[in-house]
Structure formats: structure tokens, C-alpha cells
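Engineer: One predicted model, sequence on top.
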Amino acid sequence: MKLTTTTQVSVDGVMDPGSSPIADALNTKPKYLASNTLTEPGWADTTVLSGDLAAAIGELKAKRAGELQVHGSGVLTRWLLENDLIDEMNLLVVPVVVGQGTRLFPDTGRDMALDLVESRACPTGIAIQVYRPTGRPQYATN
């Protein structure tokens, strides 16, 4: 799992053992914090990644069994997409219109084709879409 400093600070004290099933699950996994400013994370079993982040993530992907996840960080997700470091995305669409906030996908930058791997809907109306980036899209021409 990779987290940015903002996410790390926001979970301090919230993810106490026994506070929820999600907290218990996250507390049993190794965590990786992408930060050039924070050196001592407050969450147990957390490794700070700094400097050449692309190389550090490439090494993690090469040696770790299982998946690396990003929770709650649009900035890190956009950076990973720009650097071709995402193999698969699980996007949850919650049926709420907020009307403001930061977009997950930027207004500018290169286009990206996505292959839909799985799609399911929860009884609560949340849609879960699983995509794999497939490079540049091919557009139809006249």
C-alpha cells in the first residue's frame, strides 16, 4: 500500500487496532508512504519512500507478492498514472453528486485507454469498476 503524507496524517489515531474491521486489516499489512518531508511515520509497519519514487515503486512491484494499493490520494494516483506505474485500477463510484473538489483525472495531460476488466454494483448503489491501462487510445478518423 502506498500513501501520501496527507493521507498518513489523516489516518493517525483513526486506524487504532480494534477500531474497525478496515483498521484491523490495514494494520496487519506493510505500508509505504511517499513523502519528501516526513521521515518518521506514525503508523506501525510503515516504510517511507523518498527520492526517486518511480524507482522505489518499481522495486516494490518487482519483489512483492500481491498487490500494492493507493487509498485516498488523487495526487499520488495521478502521478502513478503519468509514470505508467499502475497495472489495475479499482474505481468505486458512489451515487452522490458533490459539485466541487479535485478531479481524479486531470483536465490536461495525455489521453489513456482503459480496458474494463470487471464491473459490479453493490446493493447500496455503489458501482465498482476494475480497469487496466492499455496505453494510448486509438481514435476513429473520418
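Structural biologist: That came through, no problem. If you're wondering where the values come from, they're calculated on a predicted model, not measured in any experiment.
Engineer: Give me the phi and psi angles of residue 91.
Structural biologist: phi -100, psi 130 (degrees, to the nearest 10).
Engineer: repeat for residue 118
Structural biologist: Backbone geometry at residue 118, expressed as degrees, to the nearest 10, gives phi -160, psi 150.
Engineer: Quick check: it touching residue 91?
Structural biologist: No. Applying C-beta atoms under 8 Å, one finds residue 118 not in contact with residue 91, separated by 10.9 Å. The way it works is simple: take the backbone N, C-alpha and C, and place the C-beta from them, glycine included.
Engineer: Now the common contact residues for these two.
Structural biologist: 128-130 (C-beta atoms under 8 Å, 6 or more residues apart in numbering).
Engineer: picking up where we left off before, which of residue 118 and residue 91 has more residues huddled nearby?
Structural biologist: residue 91 (13 against 10; other C-beta atoms under 10 Å).
Engineer: which ones are touching that one?
Structural biologist: 104, 128-131.
Engineer: Among the residues you listed, which has the minimum pLDDT value?
Structural biologist: pLDDT across those is lowest for residue 104, at 80.
Engineer: How about residues contacting the longest helix seen in the chain?
Structural biologist: Taking DSSP state H as the criterion, the chain has its longest helix at helix 53-63. When contacts are defined by C-beta under 8 Å, 6+ apart, helix 53-63 is touched by residues 2, 32, 34, 49, 68, 79-80, 83, 85, 87.
Engineer: Pull out the buried residues from these.
Structural biologist: 2, 32, 34, 49, 68, 79-80, 85 (16 or more other C-beta atoms under 10 Å).
Engineer: Neighbour count, secondary structure and distance to residue 114 for the shared contacts of residue 118 and residue 91 - can I get that in TSV?
Structural biologist: Formatted as TSV, the shared contacts of residue 118 and residue 91 follow (neighbours: other C-beta atoms under 10 Å; DSSP: H, G, I helix; E, B strand; the rest coil; distance: C-beta to C-beta, whole Å):
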residue	neighbour count	secondary structure	distance to residue 114
128	13	strand	14
129	16	strand	9
130	15	strand	10
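Engineer: ok, of these, which one's closest to residue 140?
Structural biologist: Comparing the shared contacts of residue 118 and residue 91 against residue 140 with C-beta to C-beta places residue 129 closest, at 23.2 Å.
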